[in-house]
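Student: got a sequence here, can you model it:
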Amino acid sequence: MTSSTVDDVEPMARTPWLIRTSGTIALLGVIGAALLGAFGTRTAEASATQDGWTVSVRHAAVARAGLDVPVTITVHRAGGFNDDVVVAVTSDYLRILDQQSTGPEPAEQTRDASWTYLTFTPPDGDTLTIDIEAYVRALHHTDAAGTVAVVTPDGNFVAPVSIRTRLIP
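Tutor: Model prediction:
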């Protein structure tokens, strides 16, 4: 009769191994997604055409507080511009942004209860491209939606483009 010290040892359960393996795979998935840019700023582009005006807006579709966000507004009018170009942006959308600079600089910038108006001298050619360098203000965690449009000399808003930025924590 041989006696062994392992006769009464029960086989190890697979549960701890499954938990460790699942946790490792989940962690590697999060790291991989971060390396591929899944948690950074994502951009979108929207445009509208009306009465000979075309407005295109490239903006952040998804962003985080503190990150740089692109806002590029392109206004096109076949035949060029005869008067100053007034671009209106809803002020609610701009409230989430801390603007660093606008290029080209607007000749005038005004605001009312709902809109911010950027007035530019007529550019050469038939396209005006406006780059707004900004980042999402700290402590902003609610989505922002807005509209960008051209204001004609007679006060009409043409080619309105709806934009939306979803903020993630």
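Student: now do the helices in the chain.
Tutor: 15-35, 91-94 (DSSP state H).
Student: adding distance to E133 and mean neighbour count, write these out as JSON lines.
Tutor: (Glycine included, C-beta is placed from N, CA and C.) Converted to JSON lines, the helices of the chain look like this (distance: least, Cβ to Cβ, whole Å; neighbours: other Cβ atoms under 10 Å):
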{"stretch": "helix 15-35", "distance to E133": "25", "mean neighbour count": "10"}
{"stretch": "helix 91-94", "distance to E133": "13", "mean neighbour count": "16"}
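Student: now render the ones you listed as TSV, adding distance to R77 and mean pLDDT.
Tutor: Formatted as TSV, those follow (distance: least, Cβ to Cβ, whole Å; pLDDT from 0 to 100):
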stretch	distance to R77	mean pLDDT
helix 15-35	42	86
helix 91-94	23	92
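Student: adding distance to T129, write those out as CSV.
Tutor: Below are those laid out as CSV (distance: least, Cβ to Cβ, whole Å):
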stretch, distance to T129
helix 15-35, 32
helix 91-94, 18
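Student: which of the helices and strands in this protein ranks last by mean pLDDT?
Tutor: Using mean pLDDT, DSSP states H and E, helix 15-35 stands out as the lowest-scoring helix or strand of the chain, at a mean of 86.
Student: tell me which of the helices of the chain approaches A63 most closely.
Tutor: Among those, helix 91-94 comes nearest to A63, with 12.3 Å by Cβ to Cβ.
Student: all set now, cheers.
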